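Trainee: Sequence below, structure please.
(one chain, ligands or ions: 2)
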Amino acid sequence: MPNTGKSTFFNRVTGASARVGNWPGITVDLFASKVLLGADMVEIVDLPGIYDLHGFSDDERIVRHFLEDAAVDLVAVVINASQIDRQLGLALQLRHVGLPTALLLNMADEAKQRGIRIDTGTLALELGAPVALLSAKHGHGQREAMAMLAHALSSVPRVPIGAVRAQLAADDRIDVDTAAALKAAVDIPERMSEQLTDRIDRVLLHPLLGLPLFFLLMLLVFEGVFALGEPLQRALQWVFEGVRTAALNPLFAYAPAMVRGFLLDGVWSGVVTVAAFVPLIILFFLFMAVVEDSGYLSRAAFLTDALMAKLGLDGRSFVMMLMGFGCNVPAAMGTRIMRSRGLRLLTMMIIPVSLCSARLQVFLFLTAAIFAPAQAPLVIFSLYVMSFVAAIVTAIVFKGRFRSDEPFVLELPPYRWPTLRQIVLRAWHEVRHFLRRATKFIVGGVVLIWLLTNLPAGAVPGSTDTLAGMLGRLFQPVLAPLGIDERLTVALIFGFVAKEVVIGAFAVIFGFEGQALASDLAARMDWVQAYSFMLFTLIYTPCLSTVAALRAEARSSGFALISVTWSILLAWAVSFAFYQLARHFGY
Ligand SMILES: Nc1nc2c(ncn2[C@@H]2O[C@H](COP(=O)(O)OP(=O)(O)OP(=O)(O)O)[C@@H](O)[C@H]2O)c(=O)[nH]1
Ligand SMILES: [Mg+2]
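Mentor: Ligands and ions are numbered 1, 2, ... in the order given. Now for the predicted structure:
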């Protein structure tokens, strides 16, 4: 079942870092990892959660195909022990189709809190499958669960490929059997005690206060990120500058000017200017991890569901947008939990305008350079609001084209304290993401930009005679009305590949890094130009990876093309309107 702690368990036993969150539908793809279990090397696969075997959404299909085609030796069915009465049926369903199963009753801690008592021995007899009770998040009962799995694995008969498919239909006895097993082995208190969750929800889901509280909370997150992150970022910049003056400059003092320029002003400047923002990004995601893992994200879906329905979307689309704050690619993949194709496509239309961490870097940099410190969190917040506005406009424009009539019942998970372990895993996830993108795009991007801004030989680096200058001039007729000059144009062109490249590109194009770059930019552009540039960066195509993900998920190149064209047009229109109006009113 979704949100039962499969990935948490998987991470614990394999040491992997599959994404975990308090929201059904976090995992949408297969993750595999090998571990030693007893005396055997086994491959464990983390699957997306499903409600039943006959579902029609893409992730349910993935699970069904996997079970049919992969000849698994054992299916470890993870269910939430505190909801055993509603979830046991799925375990029986799997058992009835002839799959070798073992049952992991996770969230033993929550079940205990609610006074639910489960006799695992009796339950195992009733089900005809081994049962273990555990709490994957806290690691309780994990050793026993692994021993149980090892034992089950050595004693079950192997299932030949194809045997499952034939039997998928036969499940009429399941309700009867579930009731019998529950009666024999499980004791659920008649009236659950007054839950803390209900009490918190009475405030946070208040019909009038709910949404304002949500925005207030997000604003607090930004204030917090800035308050803690700015000093960190400055410290890191200071270290990078120190390394350069103390070590790199002397080291390359006698190297040919071209080599020195390439390595120091190209690669080094570009990469460290971007890297200085990593602490801020990590902080942002630590805060978001708390919001997400606490269960508040599902409440956000609930609060916005009515508004989203008017736009032809639902609460899940909103959550996918929030996930897009991290990276648009997994958000696009996350739409697999939706059954209706229309709804999926419409959600995928709005995801690319969601303000991802790479854009956040650009905004943090420009905001710090151009605006006063007190204004910075507000400017960033306004860009998040603009991200939603762009999504709403997009949905209104496309909702006639992509229709959905899928009914949607939202399940609110209980609030949970995030554990340190999960927060650290999440931070590590972000750092790894950055490093991967850095090696893939940033280094390549800054090298290419350095070449463009220094060739042809003889041209003054960074001047309008270079290749970059010519490229910038080519687009001037379109971008000048937005207040975007030739040099910024080059950064935007590279930003099409990946937004991580943009500030690295600034460093190379303007020939400064860190603080010096910020002051140089402040002298070159006013706030209207900077904001117009940020609006364009926010709305136009996020990166090539997102385009590829959209194409793959929609299984349509036409769709990807529409998305790219639309986002560029919208970006242009919004920046144009802003820039011209601001200038008109004398700013
Ligand atoms: N209280 C408690 N919470 C847990 C336990 N195990 C996992 N969780 C929490 O349950 C939530 C869901 O965990 P995941 O591991 O993402 O669940 P999943 O089954 O992989 O979910 P999907 O991938 O969406 O199907 C997270 O907030 C976890 O922190 C547990 O033993 N006790
Ligand atoms: Mg998962």
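Trainee: What residues of stretch 474-488 count as buried?
Mentor: Under the neighbour-count criterion of 16 or more other CB atoms under 10 Å, stretch 474-488 has Leu479, Leu482, Gly483, Ile484, Asp485, Glu486, Arg487, Leu488 buried. Where C-beta positions appear, they are placed from N, C-alpha and C, glycine not excepted.
Trainee: How far off centre is that stretch?
Mentor: In this view, stretch 474-488 has its centroid 32 Å away from the chain centroid, taken as CA atoms, centre = their mean, to the nearest Å.
Trainee: about what we covered before: which ones among the buried residues of stretch 474-488 map onto strands?
Mentor: Applying DSSP state E to the buried residues of stretch 474-488, no entry is found in strands.
Trainee: Can you find the helix or strand in the chain with the smallest mean pLDDT?
Mentor: Scoring the helices and strands of the chain by mean pLDDT, DSSP states H and E places helix 163-167 at the bottom, with a mean of 51.
Trainee: is it true that Ser567 touches Ile539?
Mentor: Yes. In this structure, Ser567 is within contact of Ile539 by CB atoms under 8 Å, at 6.0 Å.
Trainee: Now for those two: what residues contact both?
Mentor: Val353 (CB atoms under 8 Å, 6 or more residues apart in numbering).
Trainee: Between the two, which is the more surrounded one?
Mentor: Using other CB atoms under 10 Å as the criterion, Ser567 and Ile539 rank with Ile539 on top: 29 against 22.
Trainee: and that one, what is it in contact with?
Mentor: Val353, Met386, Ala390, Ser567, Leu570, Ala571, Val574, Ser575.
Trainee: Repeat the analysis, applying 10 Å as the threshold.
Mentor: Shown in contact with Ile539 (CB atoms under 10 Å, 6 or more residues apart in numbering): 352-353, 355, 359, 386-387, 389-391, 393-394, 566-575.
Trainee: Put the buried members of those into a PyMOL selection.
Mentor: This is how PyMOL selects the buried members of these, with burial counted by 16+ other CB under 10 Å:
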select buried, resi 352+353+355+359+386+387+390+391+393+394+566+567+570+571+572+574+575
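Trainee: Mind checking which of the contacts of Ile539 land in helices?
Mentor: Those of those mapping onto helices are 359, 386-387, 389-391, 393-394, 566-575, per DSSP state H.
Trainee: Flag every residue of the chain that's near ligand 1.
Mentor: 2-8, 20-22, 24-27, 48-49, 106-107, 109-110, 135-137, 293, 416, 422 (CB under 6 Å from any ligand atom).
Trainee: Separate out the buried members of these.
Mentor: Buried subset of those (neighbour count, 16+ other CB under 10 Å): 2-8, 20-22, 24-27, 48-49, 106-107, 109-110, 135-137, 293, 416, 422.
Trainee: out of these, which are inside helices?
Mentor: With DSSP H as the criterion, helices contain Lys6, Ser7, Thr8, Asp109, Glu110, Asp293, Gln422 from among these.
Trainee: And the pLDDT at the first one?
Mentor: Just to be clear, that refers to Lys6. pLDDT, Lys6: 94.
Trainee: For Arg416, see how far away it is.
Mentor: 15 Å (CB to CB, to the nearest Å).
Trainee: do the fourth one as well
Mentor: As for Asp109, its distance to Arg416 is 10 Å (criterion: CB to CB).
Trainee: got any residues that touch both of the two?
Mentor: Common neighbours of Asp109 and Arg416 (CB under 10 Å, 6+ apart) are Lys137.
Trainee: Which ones among the buried residues of stretch 474-488 map onto helices?
Mentor: Members of the buried residues of stretch 474-488 lying in helices (criterion: DSSP H): Leu479, Glu486, Arg487, Leu488.
Trainee: Show the backbone phi and psi for the residue lying closest to the last one once chain neighbours are set aside.
Mentor: Residue nearest to Leu488 in three dimensions, not counting chain neighbours: Phe533, with 5.8 Å by CB to CB, 6 or more residues apart in numbering. According to degrees, to the nearest 10, the main-chain angles of Phe533 amount to phi -60, psi -40.
Trainee: Need the pLDDT of Phe262.
Mentor: 83.
Trainee: The nearest residue to it once chain neighbours are set aside: how many residues sit nearby?
Mentor: Leaving aside its chain neighbours, Phe262 sits nearest to Trp450 (6.0 Å; criterion: CB to CB, 6+ apart). The number of residues packed near Trp450 is 25, by other CB under 10 Å.
Trainee: you'd agree Trp450 is up against Val267?
Mentor: Yes. Using CB atoms under 10 Å, Trp450 makes contact with Val267 at a distance of 7.5 Å.
Trainee: can you list residues touching both of these two?
Mentor: Gly504, Val508.
Trainee: The buried residues of stretch 474-488 into JSON lines, with extra columns for pLDDT?
Mentor: What follows is the buried residues of stretch 474-488, written out as JSON lines (pLDDT from 0 to 100):
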{"residue": "Leu479", "pLDDT": "92"}
{"residue": "Leu482", "pLDDT": "94"}
{"residue": "Gly483", "pLDDT": "93"}
{"residue": "Ile484", "pLDDT": "92"}
{"residue": "Asp485", "pLDDT": "87"}
{"residue": "Glu486", "pLDDT": "85"}
{"residue": "Arg487", "pLDDT": "84"}
{"residue": "Leu488", "pLDDT": "89"}
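Trainee: Closest one of those residues to Ile281?
Mentor: Leu488 (22.4 Å; CB to CB).
Trainee: Report the separation between that closest one and ligand 1.
Mentor: Applying CB to the nearest ligand atom, to the nearest Å, the value for Leu488 to ligand 1 is 41 Å.
Trainee: dump the residue contacts of Phe388.
Mentor: Thr304, Phe318, Met321, Ile350, Val353, Ser354, Leu355.
Trainee: what residue ranges in the chain score low on pLDDT?
Mentor: 157-172, 190-194, 462 (pLDDT under 70).
Trainee: What distance do you get for the closest residue in space to Ile84 that isn't next to it in sequence to Ala468?
Mentor: Using CB to CB, 6+ apart and skipping the chain neighbours, the partner closest in space to Ile84 is Val186 (5.8 Å). As defined by CB to CB, Val186 lies at a distance of 69 Å from Ala468.
Trainee: swap in Phe494?
Mentor: Distance from Phe494 to Ala468, by CB to CB: 10 Å.
Trainee: Same question for Ala247.
Mentor: Distance from Ala247 to Ala468, by CB to CB: 29 Å.
Trainee: ok, those two, which is more surrounded?
Mentor: Between Ala247 and Ala468, counted using other CB under 10 Å, Ala468 has the larger neighbour count: 31 against 10.
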